[in-house]
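Got a sequence here, can you model it:
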Amino acid sequence: VLLVESGGGLVQAGGPLRLSCVASGLSFDAYAMGWFRQTPGKERELVAAITYSGSNTYYADSEKGRFTISRDNAKNTAYLQINSLKPEDTATYYCAARAALQLELWVSSPGIVDYWGQGTQVTVSS
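Numbering: from 1, shown residues only. Sure thing, here's the model as predicted:
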């Protein structure tokens, strides 16, 4: 199983950014997908998740309104759109897959992940 993120880099504050995560080696439409964020010295934080069908989503309270998670099961790809970037969005972003039927299960135990991507660095300049 491979999850490969892309779309990170050095971006200016205020702009948009879309991260992509292409999955292979798994039945993509059987997994909920999530995006985590991690900064040095801090735990990896679940910032957004989406059910296997795309019908339900979860966002961390601090990111509601700026982050949008989506998926295209035909392309085995999950996306995270970040608008109005802030310097504090600077972090390594990881996509993850979990065979969770309900996002509430993942939110209550975010550390339980079936597969991780390698991460993509996002640096937001002010």
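
Quick one: name whatever helix or strand follows the helix or strand harbouring residue 46.
Here residue 46, judged by DSSP states H and E, is contained in strand 45-50. Per DSSP H and E, strand 45-50 leads on to strand 57-59 as the next helix or strand towards the C-terminus.

Now do the SS call for the closest residue to residue 89 other than its chain neighbours.
Of all residues not flanking residue 89 in the chain, residue 124 sits nearest, at 5.1 Å (Cβ to Cβ, 6 or more residues apart in numbering). Using the backbone N, CA and C atoms, a C-beta is placed for each residue, glycine as well. Classification of residue 124 by DSSP: H, G, I helix; E, B strand; the rest coil places it in strand.

Any buried residues in the strand holding residue 46, and which?
By neighbour count on 16 or more other Cβ atoms under 10 Å, the buried set for strand 45-50 is 46, 47, 48, 49, 50.

Doesn't residue 107 belong to a strand?
No - counting by three-state DSSP, residue 107 is not part of a strand but helix.

My guess is it contacts residue 46. True?
Yes - if you go by Cβ atoms under 8 Å, residue 107 and residue 46 touch, sitting 6.8 Å apart.

Give me the common contacts of the two.
residue 58 (Cβ atoms under 8 Å, 6 or more residues apart in numbering).

that older thread, quick one: contacts for the residue nearest to residue 89?
Contacts of residue 124 (Cβ under 8 Å, 6+ apart): 11, 12, 13, 85, 86, 87, 88, 89, 90.

Great, nothing more from me.
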